[in-house]
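A.B. asks: 3D, please:
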Amino acid sequence: MIVRPPQTPEEFERYRDLRWRILRAPWNQPKGSEVDEIEAKAFPIMVCEKDGFPIGVGRVHFNSEDEAQIRSMAVEEEWRGKGIGAIVLKALEQIAIEKGAKKIILHARDHAVKFYERNGYKIVKPSHTLFGVIPHYLMEKEAP
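C.D. replies: Next up, the predicted model:
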């Protein structure tokens, strides 16, 4: 497995396409809706087998000097349950820690809460409901 940021315009397109297909398209959100105002400040990561095609992606950005937020984690369906999400999460946490994060937060979809709990995150409180149907929970983890 190769874990690194997307580097070329084509890799960024593949990275965003995976995010859109997994996190937006099933709820009829338009292509391009996966990009937001934080995109330029974020540190993206993708996990590829060898060919530059991502099988897992995510990004981290800073809300303050010492609080990082992980967002937009997605894994290709056929790769789920094989540790790809954990690889993405650990890479994003490492970036956050190297850049000075003392705390890492995220807003987990309800079906992903157990995954994040297994990786050391705790629920702080219920968060927002995306597209009117996907409950989220604010979760956090103290950086080592």
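A.B. asks: buried stuff in the lowest-mean-pLDDT helix or strand in the chain?
C.D. replies: Across the helices and strands of the chain, the lowest-confidence element by mean pLDDT, DSSP states H and E is strand 122-130, at a mean of 86. Across strand 122-130, burial judged by 16 or more other CB atoms under 10 Å covers S127. Every residue, glycine included, has its C-beta placed from N, CA and C.
A.B. asks: immediately after it, which helix or strand?
C.D. replies: strand 134-142 (DSSP states H and E).
A.B. asks: Spit out the contact partners of A25.
C.D. replies: Residues in contact with A25 (CB atoms under 8 Å, 6 or more residues apart in numbering) are K31.
A.B. asks: Quick check: it vs V47, distance?
C.D. replies: 20 Å (CB to CB, to the nearest Å).
A.B. asks: Repeat that for G56.
C.D. replies: 4 Å.
A.B. asks: Please enumerate the shared neighbours of the two.
C.D. replies: Common contact partners of G56 and V47 (CB under 8 Å, 6+ apart): I84, I87, V88.
A.B. asks: Name the nearest residue to K125, ignoring sequence neighbours.
C.D. replies: L138 (5.4 Å; CB to CB, 6 or more residues apart in numbering).
A.B. asks: What count of nearby residues applies to the nearest residue to I134 once chain neighbours are set aside?
C.D. replies: The shortest distance from I134 to any non-neighbouring residue, by CB to CB, 6+ apart, is to R109 (5.4 Å). As a burial measure, R109 scores 16 neighbours (other CB atoms under 10 Å).
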